[in-house]
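**Student:** Here is a sequence together with a model predicted from it:
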Amino acid sequence: MSATPTTTTLTTTIITTTTNTPTQALPNASKGKMAAVAAAGRKRKLTLMNGEELDLQQVNAIAPVRPEVVEAMKLRIIELEDQLAAKSPAKRARTIAAADVTMELEAGPSTTPASLTKADEKKRKIHLKKIFDRLKKECKAVSCKFQGAPKTIKIEEVFEVDEFNAIFAGKGRLIQPTPENKPKSTVTIMDFNTAQVQVLFGDELKALKGNRWSRGGVPVRTFGAGFGGLGSSFSKSVKQGPCDVEILRLDVNYSKNGMKCTLKFDVGDVGDGSGYDSDEWY
């Protein structure tokens with residue numbers, strides 16, 4: 001008869017340790033997130049040696065507990081202690097902080113375009129169309145002369161954090177913040193190759209046009225004079241005609257504090273040899 005109280009005391013201790021250990025392992029977790037987890041009422045189950053699953057929330061602390069349950073709980077505690085010992089407190093804190101910062105930019109059910117409402121999706125397409133229209137206009141500008149080398153076009157926009165995530169989350173390659181690179185940074189850096197740009201813009205990606213120009217500054221000889229002598233001059237850049245333009249690369253830099261988003265497009269004349277294999281730069 002005396003064995004039962006001893007078993008009950010051990011069971012109560014095990015349940016408390018099992019449910020409280022995650023809280024102790026998350027010193028930097030926000031109270032809001034922990035409240036959300038508690039509200040979700042997640043079941044905590046323990047698998048016994050015979051394959052039976054025991055719901056720990058239903059265990060009666062004053063009722064007798066079977067020996068196989070005690071043994072399974074003991075093994076689980078040892079397993080959890082080994083997992084916690086494998087990581088130092090500082091490393092656990094860094095890992096948690098990195099996960100908090102990058103979770104918004106990872107592809108998931110809360111950030112992917114598939115989960116956006118119709119209104120959000122419409123707003124996202126409007127933003128992308130606005131960006132592409134700006135790019136289209138800049139490609140045709142006089143200041144953008146395609147002369148056999150890629151041109152960089154910079155576009156700046158202002159986005160709320162939710163707007164930025166709706167457009168860019170799960171797209172391209174995230175450089176910063178990551179668990180390995182400035183996990184606490186409020187500045188997001190991403191890049192896209194040609195194929196990833198196509199995925200980003202989708203149906204909003206249209207044909208781009210620009211103008212091909214000759215290179216100026218070449219010495220030319222005028223009548224009665226030699227090169228570099230009296231009467232010589234330098235050639236001017238001359239517009240040669242329209243050309244097709246393709247996006248070679250896109251770099252994105254976004255500041256959460258200032259809500260400023262800078263997009264740098266590398267574009268090139270299709271067929272002039274100015275492009276590069278954008279699938280090879282990472």
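**Tutor:** Sure thing, it's come through.

**Student:** For the chain, give the strand that spans the most residues.
**Tutor:** Longest strand in the chain, counting residues (DSSP state E): strand 239-255.

**Student:** which parts of the helix or strand following it are buried?
**Tutor:** Next in sequence after strand 239-255, counting helices and strands by DSSP states H and E, comes strand 260-269. By neighbour count on 16 or more other C-beta atoms under 10 Å, the buried set for strand 260-269 is 261, 263, 265-269. In short, each C-beta sits where N, CA and C put it, glycine included.

**Student:** quick one: which of these is nearest residue 122?
**Tutor:** residue 261 (19.3 Å; C-beta to C-beta).

**Student:** Need the per-residue pLDDT for that closest one.
**Tutor:** Here, the pLDDT recorded for residue 261 equals 98.

**Student:** Which residues lie in contact with it in this structure?
**Tutor:** Each residue near residue 261 by C-beta atoms under 8 Å, 6 or more residues apart in numbering is listed here: 156-159, 164, 252-255.

**Student:** Repeat that for residue 188.
**Tutor:** With contact set as C-beta under 8 Å, 6+ apart, residue 188 has these partners: 105, 164, 168, 174, 176-177, 252-256.

**Student:** Okay, and it sits in which element?
**Tutor:** In the assignment (DSSP H and E), residue 188 maps to strand 187-193.

**Student:** do the same with residue 72
**Tutor:** helix 67-85.

**Student:** list the buried ones in that helix?
**Tutor:** Across helix 67-85, burial judged by 16+ other C-beta under 10 Å covers 69, 72-73, 76.

**Student:** again, but for stretch 157-168
**Tutor:** Buried, per 16+ other C-beta under 10 Å, within stretch 157-168: 157, 159, 163-168.

**Student:** Residue 53: which of these is nearest?
**Tutor:** residue 165 (37.4 Å).

**Student:** And for residue 213, the neighbour number?
**Tutor:** 20 (other C-beta atoms under 10 Å).

**Student:** Looking at it now. What's its pLDDT?
**Tutor:** pLDDT recorded at residue 213 is 91.

**Student:** cool, residue 178 as well?
**Tutor:** Per-residue confidence (pLDDT) for residue 178: 94.

**Student:** Please determine how far it is located from residue 142.
**Tutor:** Note on residue 178: its distance to residue 142, by C-beta to C-beta, to the nearest Å, is 40 Å.

**Student:** avg pLDDT for the helix or strand containing residue 123?
**Tutor:** In this assignment (DSSP H and E), residue 123 forms part of helix 118-140. Taken as a whole, helix 118-140 has a mean pLDDT of 94.

**Student:** still on that earlier bit, among the contacts of residue 188, which pair sits farthest apart?
**Tutor:** Pairwise distances among those were taken by C-beta to C-beta; the largest, 15.3 Å, belongs to 174 and 255.

**Student:** Between these two, which is the more surrounded one?
**Tutor:** More crowded of residue 174 and residue 255, by other C-beta under 10 Å: residue 174, with 19 against 14.

**Student:** Give me the helices and strands touching the helix or strand hosting that one, please.
**Tutor:** Residue 174 is part of strand 173-176 when elements are defined by DSSP H and E. Here strand 173-176 touches strand 187-193, going by 3 or more C-beta pairs under 8 Å, 6 or more residues apart in numbering; DSSP states H and E.

**Student:** Could you tell me which residues within the strand it packs on count as buried?
**Tutor:** Within strand 187-193, the residues that count as buried by 16+ other C-beta under 10 Å are 188-193.

**Student:** Also stretch 175-187?
**Tutor:** Residues 175-177, 183 are the ones in stretch 175-187 that count as buried (16+ other C-beta under 10 Å).

**Student:** from the residues you listed, which is closest to residue 247?
**Tutor:** Distance ranking of the buried residues of stretch 175-187 against residue 247, using C-beta to C-beta, places residue 175 first at 18.5 Å.

**Student:** Hmm, residue 174 and residue 183 touching each other?
**Tutor:** No: in this structure, residue 183 is not within contact of residue 174 by C-beta atoms under 8 Å, at 11.5 Å.
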